[in-house]
Structure formats: structure tokens, C-alpha cells
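Participant: below: sequence and its predicted model.
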Protein chains: 2
Amino acid sequence: MTQLAKARSGTTTPEMEQVAEREQVDISWLREKIAEGRIVLPSNMNHRNARPCGVGEGLTIKVNANIGTSSDRAVLEEEIQKLKVAVGAGADTVMDLSTGGDIDLCRRKIVEASPVPVGTVPIYQAVIEAINEKGGLINLTVEKIFDVIERHAEDGVDFITVHCGLTRSALEVLKKNPRVTDIVSRGGAFLTTWMLHHDRENPLYEHYDRLLSIAKKYDLTLSLGDGLRPGCLADATDGAQVHELMTLGNLTKRAWEEGVQVMIEGPGHVPLNQIKANVLLEKQLCHHAPFYVLGPLVTDIAAGYDHVACAIGGAVAGEAGADFLCYVTPAEHLCLPKVEDVREGVIVTKIAAHAGDIARGNKMALERDLKMSEARKRLDWRTQMDLAIDPLKARKLREEDPPSEDDVCTMCGKYCAIKQVKEYFKGP
Amino acid sequence: MTQLAKARSGTTTPEMEQVAEREQVDISWLREKIAEGRIVLPSNMNHRNARPCGVGEGLTIKVNANIGTSSDRAVLEEEIQKLKVAVGAGADTVMDLSTGGDIDLCRRKIVEASPVPVGTVPIYQAVIEAINEKGGLINLTVEKIFDVIERHAEDGVDFITVHCGLTRSALEVLKKNPRVTDIVSRGGAFLTTWMLHHDRENPLYEHYDRLLSIAKKYDLTLSLGDGLRPGCLADATDGAQVHELMTLGNLTKRAWEEGVQVMIEGPGHVPLNQIKANVLLEKQLCHHAPFYVLGPLVTDIAAGYDHVACAIGGAVAGEAGADFLCYVTPAEHLCLPKVEDVREGVIVTKIAAHAGDIARGNKMALERDLKMSEARKRLDWRTQMDLAIDPLKARKLREEDPPSEDDVCTMCGKYCAIKQVKEYFKGP
């Protein structure tokens, strides 16, 4: 039985207990939300060493880090190192998006080593195997797709991205409403190429019941992907995107009927003033299934700093109700992220998630900031360093430039405002 | 005559013409906004080599970079280097906040070298001179304050921060409503110490007419400072802050009566969900004078990454109507920023300003992103690099990790989505 099925039957699982404790929420409230599908708990029955993680309404906003090889760069050790750094920096989940080297081995090693839930995008590997074994993407078979999905499920992958809403009718909408960047999702592009070449329906849509039966068997959470997500601000919130989202809403209900856990993936590139509407659309059209956003990036021109464009969009999406932020690194749009990029991406996205948590009134988040501020008032630098989002970097910056007086910093030096007025305001 | 007085008399100045051209706005519309006080054009009559910069309603959001020595670190050449780097990265103005070394010399050199308007906070120097000449801050005299202000004005400083709204009654509100971090503004702390010690009113408030006469003489724009800005999320939008803001609203009207240009400084540390209200409050209480925000930082725990916390807050403030963003660097709360921190701070704040411009529908901003996206679609990497917010960093990242095929990048390698579906979507 899946966590969803158990929640519906009133059963409290150890995973639910751990999440309730970590999030400081009532266990029966949590079980109810899981039963309603508003919270997912990605937890493959074959991935027993992972710390369960709840994603959805009323919980803290989670952060995912994408790792994995590419066709241009495939070093297994580097990916394991990225996993460690991502988790160390606070990633709540990782996705192995490997497309280079020994993909099966890489995934198995990552699942084995990961203390957090692991996601994948099986269509990547299915296509690559079709190319390697049969000479081309167009020779991809429905069997191959489901064979790879089952392989991932069996290996203990906790959630998979499946672009089930990218249907023939969605592509019709896209063709009638031309875009600037058309399709920027890799999985979406693979499926589109195959569908247009064969003039056939998306197998993940056509054989959705088969997908559900695998998901049910392993309690594999489906992350219904947005193959038609906007790849630039000009394409945001257009017909193709909303058409796909509406299909995902229907597929959400079908998954829930089978007791399968579902979350919905979202954009992408979205102007700041459209983010709230995008979250609302997802929540309404997909019946309050958790929303997992990639960014959103609030400008197209931030190459080299897309992690910052993503942090802006992610924080605002989080405030509006997004539940899960996929990080973006400084390497986005330029190259495969390196270990340092992974670290930077996770921390910056954690800041966005935390800012969203605060805006949503999460008590744990508010408390941490209050403690930090009290330490600031006391000029208690040790506590400030401990409470910083990245104690390593905070300590490093301070130590590299030590102040002449221990209780201040070199920015204001002896003219520190807090130090000056300390005697006048003893505080509450 | 000030730019405001000239605008009122229907005179179009060369500075207005340059701003109208750069912003692609109608010159008579611009003149009208300046006449109404909704746009300022900080342009000291003695700073003739600076490119005029318009700040306010309907214009692009501007970015300021703080530079300057501290008591713990005072190297003139380094500050000149920061000026160059800040302007090179796109800062629209700089503020020299020097409190160490030869403050007069540093300011004069910065004004001389700066191609953009320069701001200062004269109370810093007034206090330091009182300490050096008379043994302590409490020996600061009203004459000294205005002597330093006039010196800055004569030197060509285009705008000064003056904490005129930090009155005795504001301090009463503060005392009755205790805060976590009390006062975090350096200027605010100096004035508070002096006021409480002498049991006297804030000289900048008491002698506001004297300030206005200096401002009028040089066309020195007043940036009415927020000495009581919140220093942590818990203190945001409290009685002391709003009391000060209301006083600034009254002082804005008095400045306008004298033909003096005014902008209003704002927080600080503000939770994401309070930013819009803060912008609204400023616009309403201060009669739509331009709003110049420091951050706002959306969390207290981002030491080492406060530039990112600031970018999140700045973008949202910009969307809501803030006109001018003061950057924050990775060094904030830890040490005096170094040259690299200045660069990072400016670029990240430019991203926030740009995201705000896009959300506000600024045509130039939208056009730049569209061009970038069209280049992406064409896999035209040269144009993508040219249009990036920081072409140097974008090129560096790409060149460090060259793809095996020239038209893609190493992130997706040969599985590039755009490349795959190119033949199916010829585009509009």
C-alpha cells in the first residue's frame, strides 16, 4: 500500500511520524492532508535508507537539487560528490538526471548513497537506450519506456518526472499559438519528436494506467512533468502551458483513484507579476496537488546568475503556495553544474524557500530569524555564525577580515549602530 | 534653480533631455513628473561630469552601490576601484559612506572620478570630526553638522541621506514599543545618542529650513533617511518605523515648497508578505515621492548571501512601485565589502531591478529579454553572451566547459531540447 492508501485507511506510518515530528505538525492533520493528496511523501518501498520528506500544503517549502551526468561530461564520483554537497547544504531531495556514462550504475549508486528521497526522469534513459540499441530516438518503443520506468522503480527511486500531459491536442494548441522558444523541456522534446514523427499519442498519456500500476506497486510518486513549460518570459502562461496543466489536473484525479501519490511540475520562465496566477492555476486546476516549480526565473538575461533569478521567483512562488522548489545553479543555460555550483544553487534556493516559509507564517522559520536577530542585538557573533544559512561562508568572510574590536565587524567598525545605542535600549 | 523649480516653470533642462532619451519617455511627461516631485533628477550644480539619472515613477528602477572606507579599513585606491567596478557592472549611482582615513579627500576623488551621481551621509563625517576634534560624539554641534553638509554640497555631492524624521516623538514611540534590534542605522544611532544625551530635538529636524536652503542652493537632492528602519523581520512595519515615515511625508511637502528635490529611504529587513504594504505606505504617506529601499532583506539568516535576500526583496519592492534599490553585497553583516563583493552586489541587484521593470511592463526591459530568448531559440551563443546581464561571467562559464558540439552547452549536450525540435517548429 502507498502512503496515500495508508493515510486514507487511517493508518499512521513511521514515515508520517517522522515528517510530523520534523515539521512540528499534528500527525492526524498530516495524515488527513496525505489522504487528500495535498501532501505527498515520496518514499519508494525499495529505498529504505532515505529520510522521509513531506511536500505540500502547510509544510515547509522543500528544495530539490538536480545532479547527474551529461553526454558531454560523465564522471560518477563527481555526481556522488554533488549528492553529498547538495544534502550537506540542505537539499531535501535530489534528482539524478544522468544522460551520460553508465546511467543505471550512476542511479543505483546515488540511490544507495542518498539520505534523502531521489527522483529521476526515466524518459531520458529510455531515449538514450533506443538511440544506442536501435539507432535513433524514433525507434523508441512503448515497452522500452515502461521497462526503464520499472527499472527505476525497482531501484528505489522515490519520484519520477513523467510528461503525461504533453498530448497531441496540447501540441495542436502549441502549433496554433506559436512561441518564441517552443519546447525547452528535454523530456518534452523527446516525446514531441517521437509523437510528431509517428503521428501517435504520447505513450505516457495513452498508457497512463500502466504507469499507475507500477507507481502503485512501489509507491513511486508521480511528478507530472510540464513538457510545455515556457522557456522564456514571452511564452509564459500561454495556451499550450495551460492546456497541459489542465490535462495534468485530470490525470491527478485518476492517480488518486488508484492510491498513487502525485505532484505537479511547473514553470520555468515567468515574469514576477504572473507567478501568483500560475500558482493559483495549478492549485485550482490540479485539485491542490503539491506544486513543484523549476525556478521560476523572473528574467531571461541572467545567465551566470540564474540561481538568483530563480531565488526571486521561487520565493514569490513559495509565498503564493508553491510547495517544492527545484534549484537552479549559476551554470544554468551555460554548462553542466560543477560541485561548487550545486552548493551555491542549493543555498540560494534554501534562502528562497525560507523567505517563502516566513511569508507563510511558518513558526519554525520565524523563530530561527528571531534567534538570529537577538544574537545580532547581543553582538553574539558565535550564535550568528551558527544560525546563518551557510555557517561556513559566514565564518570565512568574517575571519578573512577581522575587526579591530571583537564585538563589531569591519563594515561599520567602531561606529557600529547596535553597539552605540546598546546602553539606551536595554530591550524587552 | 533646481531641476524641480525649472520643471515647474516649464523649462526643459539638458539633464531632463538626456534622461528622457535614455528612458525612451516623452520629455514633457518627464518634466511634469519632476514638477510633481514624483521623479527626482539628482544633479548637483557642482557635479557637471556626471550622467544625469532619473529616479521615480514610470522610469526604470535604479540601483545604488555603497562604497567607502571604514574605521577598520581605509584605502583610497580600493574605493576608487570599487567605484569603477560598480559603474562598470551597471550601478546607476554610488554612495560614498566613508568613515575612515581622509574622508574629504576620498569624497572629492570619488565625485571627481564618478560618471554617475554620488550620494553621501554627512552625519557620519560630522560625528567623526566631533570625536576627533572635541573628544566625543556628544560634543557634536549643530554648526558642525551644517558645516559638513555644506562642504559635501559644495564638493558636488548629488544627494545626501539626512535622518530628519528621527524625532523625539519617534523615539518615544520606539521606547513604548520595544524592538528586537532597536536601531541599526548608523546615522540613526549617532543622532539618537546625541539626542538622548542632551535631551534635545534632532538638529536635522529642528533646523530643517537651514538644510533646505543649502539643498536649494546646490540642487542637492535630499534622501530622507530612515534612522528607525527595522533591523530584523520581527521589527518590520512597526510603530517607530511608520511614525518616522509620516514625519518624512510632512518634510517632503516642506521641501517641495522650497523647490528642493526629495526621495524617501525605506527598509531594511521586511518579510516578503509585508513588502507591498511598505511600498504603498511610502507612496501614500510621502505623496508619491520616489522610494529608495535598502534591500529589503526577506530573511535575517542569509549572512554571506544577503545580496540574494536583498535581490528577492528588491524585485518584489520594485514590482510594487519602489524606484531605487540600494544594493547589498555578500559582505553585509560580516565585513566591509571588497571589490569583488561590490561587483556581485551590483549585478544581483540589477537582476532584481530588471525583474521589477519587467513586472511593471517596461518596454525596454521586455525587449531585451525577448531578444535573448530569440537568440536562445536560434542557438546563437554570441548574441546570448552579449545580452547577458554579465557577459564576462557568462562567457567565462561557457568557455571553461566547452561543449562537444558548438551549438549546444554541456548541460544537455547533444540532447538539447531546442536543437531537437527545431525542425518541427519553424517559429513565427
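Facilitator: Structure's in. What do you need?
Participant: list the contacts of residue A:54.
Facilitator: Applying C-beta atoms under 8 Å, 6 or more residues apart in numbering or on different chains to residue A:54 gives the contacts A:19, A:23, A:30, A:34, A:39-41. In short, each C-beta sits where N, CA and C put it, glycine included.
Participant: ok, of those residues, which one's closest to residue B:423?
Facilitator: Of all those, residue B:423 sits closest to residue A:40, with 37.6 Å by C-beta to C-beta.
Participant: surely that closest one meets residue A:290?
Facilitator: Yes - Residue A:40 is in contact with residue A:290 according to C-beta atoms under 8 Å; the separation is 5.4 Å.
Participant: what about stretch A:353-370, start to end distance?
Facilitator: Stretch A:353-370 has an end-to-end distance of 17 Å (C-alpha to C-alpha, to the nearest Å).
Participant: so what's residue A:70 bridging to?
Facilitator: With DSSP bridges as the criterion, residue A:70 is bridged to residue A:73.
Participant: for chain B, what are the nearby residues on the stretch 1-150 of chain A?
Facilitator: Neighbours of chain B within the stretch 1-150 of chain A, by C-beta under 8 Å from any C-beta of the partner chain: A:70-73, A:99-100, A:124, A:127-128.
Participant: may I see the ChimeraX selection of the buried members of these?
Facilitator: The ChimeraX command for the buried members of those (criterion: 16 or more other C-beta atoms under 10 Å in any protein chain shown) is given here:
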select /A:70,71,72,73,99,100,124,127,128
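Participant: max pairwise distance over the residues of the stretch 1-150 of chain A next to chain B: which two?
Facilitator: A:73 and A:127 (18.4 Å).
Participant: any low-confidence regions in chain A?
Facilitator: Within chain A, the segments meeting pLDDT under 70 span A:426-428.
Participant: point to the residue nearest the middle of it.
Facilitator: residue A:326 (3.1 Å; C-alpha atoms, centre = their mean).
Participant: dihedrals phi and psi, that one?
Facilitator: Note on residue A:326: backbone dihedrals following degrees, to the nearest 10 are phi -80, psi 130.
Participant: you'd agree it is up against residue A:294?
Facilitator: Yes - between residue A:326 and residue A:294 there is a contact under C-beta under 8 Å: 4.5 Å.
Participant: about what we covered before: which residues are common contacts for residue A:40 and residue A:290?
Facilitator: Listed as contacting both residue A:40 and residue A:290 by C-beta under 8 Å, 6+ apart are A:55-56, A:263.
Participant: got a markdown table for those residues, with secondary structure too?
Facilitator: Listed next are the shared contacts of residue A:40 and residue A:290 as a markdown table, based on DSSP: H, G, I helix; E, B strand; the rest coil:
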| residue | secondary structure |
| --- | --- |
| A:55 | strand |
| A:56 | strand |
| A:263 | strand |
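Participant: filter the residues you listed down to the buried ones and hand me the PyMOL line.
Facilitator: Command for PyMOL that selects the buried part of those, burial taken from 16+ other C-beta under 10 Å:
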select buried, chain A and resi 55+56+263
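Participant: switch the shared contacts of residue A:40 and residue A:290 over to TSV; also include distance to residue A:315.
Facilitator: Listed next are these as TSV, based on distance: C-beta to C-beta, whole Å:
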residue	distance to residue A:315
A:55	17
A:56	18
A:263	19
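Participant: for the stretch 201-350 of chain A, what spans make up the strands?
Facilitator: Remark: strands assigned in the stretch 201-350 of chain A by DSSP state E, counting those that start in this stretch are A:221-224, A:262-266, A:291-294, A:324-326.
Participant: CSV for these, including distance to residue A:161?
Facilitator: Shown next, in CSV, are those (distance: least, C-beta to C-beta, whole Å):
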stretch, distance to residue A:161
strand A:221-224, 5
strand A:262-266, 6
strand A:291-294, 9
strand A:324-326, 10
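Participant: surely residue A:297 meets residue A:308?
Facilitator: No - Residue A:297 lies out of contact with residue A:308 (C-beta under 8 Å); the separation is 9.5 Å.
Participant: who touches residue A:130 in this structure?
Facilitator: The neighbourhood of residue A:130, defined by C-beta under 8 Å, 6+ apart, consists of A:136-137, A:139-141, A:144.
Participant: near chain B, anything from the lengthiest helix in chain A?
Facilitator: Scanning chain A for the helix with the most residues, using DSSP state H, yields helix A:339-359. Yes - interface with chain B: helix A:339-359 contributes A:347-348, A:351-352, A:354-356, A:358-359 (C-beta under 8 Å from any C-beta).
Participant: any idea how far that helix is from the middle of the chain?
Facilitator: Here helix A:339-359 is found 11 Å from its chain centre; the criterion is C-alpha atoms, centre = their mean, to the nearest Å.
Participant: ignoring the adjacent residues along the chain, who's closest to the one residue in the stretch 1-150 of chain A that gets nearest to chain B?
Facilitator: The stretch 1-150 of chain A approaches chain B most closely through residue A:71 (3.4 Å), counting by C-beta to the nearest C-beta. Leaving out its chain neighbours, the residue that sits closest to residue A:71 by C-beta to C-beta, 6 or more residues apart in numbering or on different chains is residue B:413, at 3.4 Å.
Participant: can you verify my assumption that that neighbour contacts residue A:70?
Facilitator: Yes - contact status for residue B:413 versus residue A:70: in contact at 4.6 Å, counting by C-beta under 8 Å.
Participant: contacts only, for the residue nearest to the centre of chain A.
Facilitator: A:63-64, A:66, A:95, A:292-295, A:349.
Participant: which of the residues you listed tops the neighbour count?
Facilitator: residue A:349 (31 neighbours; other C-beta atoms under 10 Å in any protein chain shown).
Participant: the closest residue to that residue other than its chain neighbours and residue B:231: what is the separation?
Facilitator: For residue A:349, ignoring the flanking residues on the chain, the nearest one in space by C-beta to C-beta, 6+ apart is residue A:327 at 3.9 Å. Going from residue A:327 to residue B:231 by C-beta to C-beta, to the nearest Å gives 29 Å.
Participant: also residue A:19?
Facilitator: Remark: distance between residue A:19 and residue B:231 (C-beta to C-beta) = 35 Å.
Participant: surely residue A:64 is within a helix?
Facilitator: No - per three-state DSSP, residue A:64 lies outside any helix segment and is strand.
Participant: ok, now which ones touch it?
Facilitator: Listed by C-beta under 8 Å, 6+ apart, the contact set of residue A:64 reads A:91-95, A:119, A:292, A:324-327.
Participant: residue A:70 now?
Facilitator: A:98-100, A:336, B:410-413, B:415.
Participant: give me the phi and psi for the residue lying closest to residue A:283 once chain neighbours are set aside.
Facilitator: Leaving aside its chain neighbours, residue A:283 sits nearest to residue A:321 (6.0 Å; criterion: C-beta to C-beta, 6+ apart). Main-chain dihedrals, residue A:321, degrees, to the nearest 10: phi 130, psi 0.
Participant: and residue A:188, how far from residue A:170?
Facilitator: The value you get for residue A:188 to residue A:170, if C-beta to C-beta is used, is 10 Å.
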